[in-house]
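Engineer: The following comprises the amino acid sequence and a computationally predicted model.
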Amino acid sequence: MTYQITTSTTVSQDGIALFDQDKYHLQTGEQPHTGDDGLLIRSVNLHDTPLNPELLTIGRAGVGVNNIPLEKAVDQGVVVFNAPGANANGVKELVFAALVIGARPLMAGNAWVNHLKGQDIDVQVEAGKKAYVGTELLGKQLGVIGLGHVGGRVANGASSLAFGMHVVGYDPYIEVDTAWNLSHHIHHADTIEEVLRDSDYVTLHVPLTGETKEMINAQRIAMMKPGSVLLNFARDDVIDEQAILAALDRGQLRGYVTDFASPKLLHHPKVTVFPHIGGSTTAAETNSAKMVVQTMKNYLETGNIRNSVTFPDCVMQFAAPLRLTLIHKNVPNMVGRMTAILANYDLNIVNMMNRSQGDYAYTMIDLDHVAEKRLQRIATKLEQIENVIRVRVIEQPKR
Ligand SMILES: NC(=O)C1=CN([C@@H]2O[C@H](COP(=O)(O)OP(=O)(O)OC[C@H]3O[C@@H](n4cnc5c(N)ncnc54)[C@H](O)[C@@H]3O)[C@@H](O)[C@H]2O)C=CC1
Ligand SMILES: O=C(O)C(=O)COP(=O)(O)O
């Protein structure tokens, strides 16, 4: 069995190299080609891209999946994977640079010094440097909104002795493991307003969802401490840009440091913009690509699901030579209807697993050997069950 995969040129070769040449046929591109089993991408926008009917999986070598039409994908039986935490350290380190940039006029000072001319640069520097006096982070309050892989690391680092900031975090959906890894110095706020009201710096680390879209709007900015600095390394749409610009003009915000460019932000004296490079370190790119390629391969070769954004983890050791996997709607009696068909064919189920998330579910059924033609008939019968989206037949991988 050979799988056809299209990979974006921006994905690290260290990850792409994990696709074994004898099992995978690779081509490059940003969109799925006809006949593709898998698509491996970073931030390219797929919302207006048709997904070919054979497509089995999309891998996102990174974290944010707002560029992928998740509902359309799952409805077509495409399992979407990302690489949780794989680039978090890279983003965290850039956020610390951004905090210092928010505290001191580093970019302006650098631009000024680069334009000096003449032999007496040292004299000009000493005379002019008083224009670039800044502030310090020590003892200031940092509000962290979203305490996941990135936000948790930022919160822990800022509250450490090295930075000595007072950190207040807000995350109503925090996972238990993440919460355990947070320093006890971090104060947990019950509302976003509590974070905004008293923080000198506020940093955003939430995914872009319907709920977080423009979560920092005019009303919320009005609650922020006058003269505070906002950092956005999450996504452009989690803030209302007009409201930010107005707050910068009236001095409510002292600065805005972001990884997301737009025409109105470029060259603004109180804004520092980076070209979406939070995850652009060699380590982050390699980690993300390797993690997502492993999960895509595992899914294609065994049907096992780990780190999918559209399905819960569903992992089962092969207990028999054949495996059926079914993506279906999460409605009553689906498993009953599947097993009734298998019973009609007098087949013994060796092992089985069913997991659901929201409106969709995934079932894996291990079976003893069945003759090829009979197996195809069974797969067709299963496909015909109402609310079944995709059926795959996978042979136990040879060791
Ligand atoms: N600038 C860049 O290059 C990068 C940007 N990102 C962005 O940062 C986001 C976060 O990344 P990770 O920390 O790795 O993701 P993560 O999934 O580990 O953490 C996100 C956290 O946000 C929390 N959250 C969700 N909705 C919330 C809400 N309404 N209010 C407060 N908290 C909420 C979740 O509970 C979770 O703990 C990504 O979704 C992506 O958009 C991530 C990596 C690189
Ligand atoms: O992982 C993320 O969410 C990022 O924003 C990084 O995006 P990129 O892979 O650099 O296009």
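Structural biologist: Right, received. Where do you want to start? Ligands and ions are numbered 1, 2, ... in the order given.
Engineer: From ligand 1, how far off is residue 281?
Structural biologist: 10 Å (C-beta to the nearest ligand atom, to the nearest Å). Using the backbone N, CA and C atoms, a C-beta is placed for each residue, glycine as well.
Engineer: nope, residue 8 is what I meant
Structural biologist: Distance from residue 8 to ligand 1, by C-beta to the nearest ligand atom: 15 Å.
Engineer: Just give the number of residues close to that residue.
Structural biologist: By other C-beta atoms under 10 Å, the residues close to residue 8 number 18.
Engineer: What count of nearby residues applies to the residue lying closest to residue 245 once chain neighbours are set aside?
Structural biologist: Leaving aside its sequence neighbours, residue 245 sits nearest to residue 264 (C-beta to C-beta, 6 or more residues apart in numbering; 6.2 Å). Here the number of neighbours of residue 264 (other C-beta under 10 Å) works out to 12.
Engineer: can you tell me the helix or strand for residue 264?
Structural biologist: Using DSSP states H and E, residue 264 sits in no helix or strand.
Engineer: pretty sure it contacts residue 246?
Structural biologist: No: in this structure residue 264 lies outside contact range of residue 246 using C-beta atoms under 8 Å: 11.2 Å.
Engineer: and the protein, which residues reach ligand 1?
Structural biologist: Residues of the chain lying close to ligand 1 by C-beta under 6 Å from any ligand atom are 63-64, 84-85, 87-88, 91, 145-151, 170-174, 178, 205-208, 211-212, 233-235, 259, 276, 278-279.
Engineer: Point to the residue nearest the middle of this protein.
Structural biologist: What sits nearest the mean C-alpha location of the chain, by C-alpha atoms, centre = their mean, is residue 63, with 1.6 Å.
Engineer: So it, which state does it fall into?
Structural biologist: coil (DSSP: H, G, I helix; E, B strand; the rest coil).
Engineer: Same question for residue 377.
Structural biologist: Per three-state DSSP, residue 377 ends up helix.
Engineer: contact partners of the lowest-mean-pLDDT helix or strand in the chain?
Structural biologist: When the helices and strands of the chain are scored by mean pLDDT, DSSP states H and E, helix 176-180 comes last with a mean of 93. Applying C-beta atoms under 8 Å, 6 or more residues apart in numbering, the contact partners of helix 176-180 are 147-149, 152.
Engineer: Give me the buried positions along that helix.
Structural biologist: residue 178 (16 or more other C-beta atoms under 10 Å).
Engineer: quick one: contacts for the residue of the stretch 201-350 of the chain found nearest ligand 2?
Structural biologist: Among all residues of the stretch 201-350 of the chain, residue 279 sits closest to ligand 2, at 3.4 Å; criterion: C-beta to the nearest ligand atom. Neighbouring residues of residue 279 by C-beta under 8 Å, 6+ apart: 62-63, 87, 90-91, 285, 288.
Engineer: can you list those in TSV and add secondary structure and distance to residue 398?
Structural biologist: TSV is the format used below for the contacts of residue 279 (DSSP: H, G, I helix; E, B strand; the rest coil; distance: C-beta to C-beta, whole Å):
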residue	secondary structure	distance to residue 398
62	coil	32
63	coil	34
87	coil	34
90	helix	38
91	helix	40
285	helix	32
288	helix	29
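Engineer: For the stretch 201-350 of the chain, just list every one of the strands.
Structural biologist: 201-204, 228-232, 253-258, 271-273, 322-329, 349-357 (DSSP state E, counting those that start in this stretch).
Engineer: Could you list which residues are in contact with the residue in the chain positioned nearest to ligand 1?
Structural biologist: At 1.8 Å from ligand 1, residue 148 is the closest residue in the chain, using C-beta to the nearest ligand atom. Counting by C-beta under 8 Å, 6+ apart, residue 148 makes contact with 171, 174-175, 178, 205.
Engineer: Per-residue pLDDT of it, please?
Structural biologist: You'll see residue 148 listed with a pLDDT of 97.
Engineer: again, but for residue 359
Structural biologist: Residue 359 is given a pLDDT of 96.
Engineer: thought it was touching residue 330?
Structural biologist: Yes: under the criterion of C-beta under 8 Å, residue 359 makes contact with residue 330 at 5.5 Å.
Engineer: higher neighbour count, those two?
Structural biologist: Comparing residue 359 with residue 330 by neighbour count (other C-beta under 10 Å), the higher total belongs to residue 330, at 15 against 11.
Engineer: Ligand 2 contacts on the stretch 251-399 of the chain?
Structural biologist: 276, 278-280.
Engineer: residue ranges of the helices in the stretch 51-200 of the chain, please?
Structural biologist: Secondary structure of the stretch 51-200 of the chain (DSSP state H, counting those that start in this stretch): helices located at 70-75, 88-103, 106-114, 121-128, 149-159, 176-180, 192-198.
Engineer: Save these as TSV, and put in distance to residue 373 too.
Structural biologist: Below are the helices of the stretch 51-200 of the chain laid out as TSV (distance: least, C-beta to C-beta, whole Å):
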stretch	distance to residue 373
helix 70-75	30
helix 88-103	49
helix 106-114	69
helix 121-128	83
helix 149-159	48
helix 176-180	47
helix 192-198	60
